[in-house]
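>>> quick one: sequence plus predicted model below, questions after.
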Amino acid sequence: MTGDLFERARVEAPAKPQREKTAKKTTGKSAGISAAQAASKKAPQKPAPKPASKSTGKAPPPSKAGNKAAAKPARKAPIKAGVRAPRGEDYSAMDIEVLEGLEPVRRRPGMYIGGIDERALHHLAAEIMDNAMDEAVAGHASRIHIHLAEDQTVTITDNGRGIPVDPHPKFKDKSALEVILTTLHSGGKFGGDVYVTASGLHGVGLSVVNALSDRLTVEVARDKKLWSQSFVRGIPETGLEKGGAVQNRRGTTVIFHPDPKIFDSRTHFRPALLYRMARSKAYLFRGVEIRWSCDAKLIRADDATPAKATLHFPGGLKDFLVSKLKGRKALTAEPFAGRAGLNGNGKAGGTAGKVEWAVAWPLDEDGFFNSYCNTVPTPQGGTHELGLRGALAKGLRTYGELTNNKQAAKITADDVVGDACIMLSLFITDPQFQGQTKERLSSAEAQKLVEASLGDHFDLWLSGAPDMAQAVLEHVIERTEMRLKRRHDKKMKRQSATKKLRLPGKLTDCTHTTAEGTEIFLVEGDSAGGSAKSGRDRKTQAVLPLRGKILNVASASADKIQANQELSDLVEALGAGIGDQFIEDDLRYERVIIMTDADVDGAHIASLLMTFFFKKMPELIETGHLYLAMPPLYRITQGAKTVYAKDDADKDELLKKEFTGGAKIDISRFKGLGEMPPRQLKETTMNPKTRTLLRVTVPPRHSDEDIAEARETAKLVEQLMGKKPELRFQYIQEHAQFVDQIDV
């Protein structure tokens with residue numbers, strides 16, 4: 001159960017095609033995990049069956065590059081065990097590796113797609129969709145088709161110009177198609193002549209998908225001829241094949257299947273996510289029609305996702321927002337919506353750009369903010385969102401001044417957009433994103449361009465509809481007054497608090513007087529607490545032992561929760577309050593670290609603690625303060641060499657890769673953290689220089705998709721940890737196929 005507690009959670013740690021999480025342990029840096037995969041690090045997995053390779057026909061003799069790639073075996077990653085004893089000064093030029101071709105992608109997929117979890121898997125489909133959308137935005141494609149097959153194969157087709165298949169001038173023995181599929185940072189979007197505005201900017205999208213697929217086939221229809229080429233894990237399986245003449249067909253088709261050696265066997269494409277992605281692309285560009293289809297067997301009974309749909313929104317963002325708000329009352333009869341060229345000819349890199357928006361204020365105050373740049377979703381916001389926020393806040397303050405409303409001067413951007421439903425789409429040349437996954441726009445000029453262009457239209461909208469403008473102004477001022485009152489109440493609460501803080505007696509506190517740089521370890525039992533107290537850094541690390549398994553707050557009554565001493569001690573130690581009374585600034589530690597044994601019981605305790613924080617202190621997770629420690633389960637010694645393994649699979653791999661010769665190998669299994677010597681506990685789990693931490697995350701409740709994911713997470717927690725055992729039984733039935741070992 002604990003392995004899937006928060007299955008909607010995202011692993012931000014570097015991806016692990018073979019041993020990359022273990023390798024990361026030597027860095028001492030914090031990794032991240034999004035809720036149910038936290039405990040799943042201990043759950044055994046059943047490998048997915050290897051799909052058969054797909055070929056498009058009789059292959060001609062492969063190219064020289066293909067022969068070379070096939071003949072050259074993949075380089076094996078050096079094994080860096082979790083923590084090892086100091087080694088000799090044997091660092092030399094022989095230790096320096098140069099990764100070539102697509103090898104860096106397979107070795108470190110997290111650098112390119114953000115991990116190997118469900119979110120990263122869907123990023124593969126997004127990369128191919130973005131390429132098809134770039135053709136549509138450039139005016140060369142009008143239709144896109146995406147299909148999800150039962151075996152998790154994804155097919156994406158567009159009717160654009162098709163990837164060039166002629167020989168590349170720099171690599172004369174390869175076609176341009178093969179260069180794009182096998183070479184990082186290759187493509188036609190660097191110069192700006194082929195695509196004015198594009199989402200694929202780094203030239204790595206299609207090649208990354210190729211590298212992380214166990215099979216991929218590309219079909220290109222150009223000049224009434226059909227061409228195809230197949231690849232296996234990034235290596236050409238065939239040469240470029242000519243399929244004959246075709247009529248009334250042009251464009252590119254990409255068929256790929258994610259590599260089960262890279263992605264977790266339980267990680268699958270979800271029809272609902274792919275459908276929402278396709279739908280968002282359709283309303284972001286009015287001139288494209290997207291056809292969606294999915295094998296009906298993949299859609300659950302409680303999933304409203306259609307098996308087939310044609311998506312086309314001629315009204316753009318306004319059409320989508322109106323459909324999204326159907327049945328919900330809003331402050332204004334019509335949303336504030338429009339589109340415009342950017343001021344100064346909309347230049348962000350020498351070519352015109354444009355912006356489109358739609359804003360409504362629903363009476364239920366359940367808002368969202370969906371923003372995009374060049375059709376790429378930016379769930380973490382960025383400079384274009386800052387431009388919209390600034391334009392709306394400035395416009396309302398100015399309108400308030402014109403209507404002699406002095407309270408309007410106190411309006412902030414959060415007051416205006418905090419409960420609004422907002423759609424924003426920006427098209428500019430050469431946008432700058434943070435990271436390859438493009439989740440945040442960082443182009444500095446975007447804020448000024450959006451604020452100037454959108455601000456003029458907002459002023460006209462306010463002056464042209466006084467009734468709607470007044471309704472929005474009064475609503476926002478009410479939110480402003482509520483914000484100021486909450487701030488005043490918090491200030492008075494701090495002033496009235498006693499000077500001496502009441503702390504639980506079993507807490508061993510750190511000596512640092514501020515929260516910055518400090519952390520508290522929540523450990524199970526006094527025995528583990530004793531080892532942790534001896535191994536800690538007294539200046540920055542505090543330890544709070546908890547007695548056994550804490551109360552399951554998802555199924556307990558309010559009276560039981562209030563009377564529980566363990567939870568009361570925990571809340572008092574953190575000092576930030578609980579529920580609506582939670583104040584992040586009062587949190588006594590920068591990191592709250594759950595440190596439990598590396599077994600099933602430890603995973604259960606960690607799940608109970610995560611459930612408590614999720615239910616009663618969600619802001620602790622949302623603001624990035626909750627972590628999981630990663631203690632080892634085994635200690636393996638041969639002579640002076642010592643390594644630590646996190647589980648049975650890790651132990652078996654280390655025995656094969658790290659130990660040679662006939663010398664005796666000693667393997668000891670830690671029964672619990674309390675039985676680990678303080679020195680070893682510090683070395684493996686508590687020392688920031690040698691440990692690994694997993695950050696627990698939840699969807700940020702920013703865009704409507706994030707809000708939908710947050711609801712799914714809450715539903716899953718209730719299903720697994722709530723009062724109804726029949727829901728847990730149903731979950732076990734649906735997921736029993738993924739279990740091949742049971743720890744009884």
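Cool, the structure landed. No experiment lies behind these values; they were computed from the predicted model shown. Numbering: from 1, shown residues only.

>>> switch to C-alpha atoms for all contacts and neighbour counts from now on
OK.

>>> what average pLDDT does stretch 298-316 get?
Rounded to a whole number, the mean pLDDT of stretch 298-316 is 90.

>>> same check, this time on stretch 603-616
The model assigns stretch 603-616 a mean pLDDT of 93.

>>> flag the shaky bits of the stretch 151-300 of the chain, pLDDT-wise.
186-204 (pLDDT under 70).

>>> now the helices for it?
Taking DSSP state H, counting those that start in this stretch as the test, the helices found in the stretch 151-300 of the chain are 176-182, 205-211, 271-284.

>>> given the helix or strand hosting residue 338, what are its sheet partners and their directions?
Under the criterion of DSSP states H and E, residue 338 resides in strand 336-341. Partner strands and pairing direction for strand 336-341 (DSSP bridges) are strand 354-360 (antiparallel).

>>> ok, and what's touching the strand it pairs with?
Outside strand 354-360, the residues that touch it by CA atoms under 8 Å, 6 or more residues apart in numbering are 317-318, 321, 330-332, 334-342, 346, 420-428, 450, 454.

>>> next secondary structure after that strand?
strand 368-373.

>>> tell me the mean pLDDT for that next one?
The model assigns strand 368-373 a mean pLDDT of 92.

>>> could you list the domains of the protein?
What automatic domain parsing lists as the domains of the chain is 2-44+506-631+674-738, 103-311, 321-493, 634-669.

>>> next, the distance between the ends of the last one.
Yep, that's domain 634-669 we're talking about. 5 Å (CA to CA, to the nearest Å).

>>> run the chain-centre distance for that domain.
34 Å (CA atoms, centre = their mean, to the nearest Å).

>>> what's the separation between residue 514 and residue 588?
Distance from residue 514 to residue 588, by CA to CA: 7 Å.

>>> more neighbours: those two, which one.
Remark: of residue 514 and residue 588, residue 588 carries more neighbours, 20 against 13, as counted by other CA atoms under 10 Å.

>>> my guess is that one meets residue 572, correct?
No. Residue 588 lies out of contact with residue 572 (CA atoms under 8 Å); the separation is 9.8 Å.

>>> neighbouring contacts of stretch 607-627?
Counting by CA under 8 Å, 6+ apart, 2, 5, 32, 35, 39, 549-554, 578-579, 582, 584, 590-594, 693-700, 717, 721 sit against stretch 607-627.

>>> try stretch 377-388
Residues contacting stretch 377-388 (CA under 8 Å, 6+ apart): 370-372, 424, 426, 438-452, 454-455, 702-703, 706.

>>> likewise stretch 288-297?
136, 141-150, 271, 275, 278-279, 282, 306-312.

>>> which pLDDT value goes with residue 36?
For residue 36, pLDDT reads 42.

>>> redo the domains of the chain as CSV? Include distance to residue 95.
CSV is the format used below for the domains of the chain (distance: least, CA to CA, whole Å):
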stretch, distance to residue 95
domain 2-44+506-631+674-738, 15
domain 103-311, 16
domain 321-493, 28
domain 634-669, 16
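
>>> go through these and find the least confident stretch.
Mean pLDDT, when computed for each of those, is lowest for domain 2-44+506-631+674-738, at a mean of 79.

>>> how far out from the middle of the chain is that one?
That offset, for domain 2-44+506-631+674-738, works out to 19 Å (CA atoms, centre = their mean).

>>> circling back: list only buried entries from the contacts of stretch 288-297.
Buried members of these, scored by 16 or more other CA atoms under 10 Å, are 136, 141-149, 271, 275, 278-279, 282, 307, 311-312.

>>> for the chain, what's the longest strand?
Assignment by DSSP state E gives strand 213-222 as the longest strand of the chain.

>>> parallel or antiparallel, list what pairs with that strand.
strand 225-232 (antiparallel), strand 251-258 (antiparallel).

>>> once you drop chain neighbours, what's closest to residue 518?
Spatial nearest neighbour of residue 518, chain neighbours left out: residue 540 (4.5 Å); criterion: CA to CA, 6 or more residues apart in numbering.

>>> now do residue 219
Spatial nearest neighbour of residue 219, chain neighbours left out: residue 228 (4.3 Å); criterion: CA to CA, 6+ apart.

>>> show me what the one you found is bridged to.
Going by DSSP bridges, residue 228 forms beta bridges with residue 219, residue 241.

>>> how close does it get to residue 606?
In terms of CA to CA, residue 228 sits 50 Å off from residue 606.

>>> same thing with residue 534?
22 Å.

>>> ok, the two, which is more surrounded?
residue 606 (26 against 14).

>>> go ahead and confirm that one touches residue 596.
Yes. Counting by CA under 8 Å, residue 606 touches residue 596, with 6.6 Å between them.

>>> stretch 392-410: how far from the chain's middle?
38 Å.

>>> going by neighbour count, which residues of it are buried?
392-400, 407-409.

>>> ok, stretch 158-174 next?
158-165, 168, 174.

>>> out of the domains of the chain, which gets nearest to residue 97?
Closest approach to residue 97 among the domains of the chain is made by domain 103-311 (10.9 Å; CA to CA).

>>> how far away is residue 303 from residue 461?
Counting by CA to CA - residue 303 and residue 461 are separated by 39 Å.

>>> more crowded one of these two?
For residue 303 and residue 461, the more surrounded residue by other CA under 10 Å is residue 461, and the numbers stand at 16 against 10.

>>> pretty sure the more buried one belongs to a strand, no?
No. Looking at residue 461 with DSSP: H, G, I helix; E, B strand; the rest coil, it is helix, so not inside a strand.

>>> go ahead and confirm it touches residue 336.
Yes. With contacts counted by CA under 8 Å, residue 461 reaches residue 336, the gap being 7.2 Å.

>>> so what's the residue count around the residue lying closest to residue 220 once chain neighbours are set aside?
Spatial nearest neighbour of residue 220, excluding adjacent residues (CA to CA, 6+ apart): residue 252 at 4.7 Å. Neighbourhood size, residue 252 [other CA under 10 Å]: 25.

>>> just to revisit the earlier point, ok, now which ones touch the residue nearest to residue 219?
Counted by CA under 8 Å, 6+ apart, residue 228 has contacts 56, 217-220, 240-243.

>>> now for the buried residues of stretch 392-410: which two are most distant?
The most distant members of the buried residues of stretch 392-410, if one measures by CA to CA, are 392 and 407, lying 15.9 Å apart.

>>> setting the sequence-adjacent residues aside, check what's closest to residue 250.
residue 221 (4.4 Å).

>>> residues contacting the one you found?
Neighbour list for residue 221: 162, 227, 246, 249-252 [criterion: CA under 8 Å, 6+ apart].

>>> still on that earlier bit, among the contacts of stretch 377-388, which are in helices?
Within the contacts of stretch 377-388, residues falling in helices by DSSP state H are 444-452, 454-455, 706.

>>> mind giving me CSV with these and columns for distance to residue 236 and neighbour count?
Shown next, in CSV, are the ones in helices among the contacts of stretch 377-388 (distance: CA to CA, whole Å; neighbours: other CA atoms under 10 Å):
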residue, distance to residue 236, neighbour count
444, 41, 14
445, 42, 15
446, 40, 27
447, 44, 21
448, 46, 19
449, 44, 28
450, 44, 29
451, 48, 23
452, 49, 18
454, 48, 27
455, 52, 21
706, 38, 18
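
>>> in stretch 700-710, what's buried?
Those would be 700-707, 709-710, for stretch 700-710 by 16+ other CA under 10 Å.

>>> contacts for that stretch, please.
8, 276, 368-371, 379-380, 622, 698-699.

>>> just put those residues in CSV and tack on neighbour count and distance to residue 666.
Formatted as CSV, those follow (neighbours: other CA atoms under 10 Å; distance: CA to CA, whole Å):
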residue, neighbour count, distance to residue 666
8, 24, 39
276, 13, 53
368, 20, 56
369, 25, 56
370, 22, 55
371, 26, 56
379, 22, 49
380, 17, 48
622, 16, 43
698, 25, 41
699, 23, 44
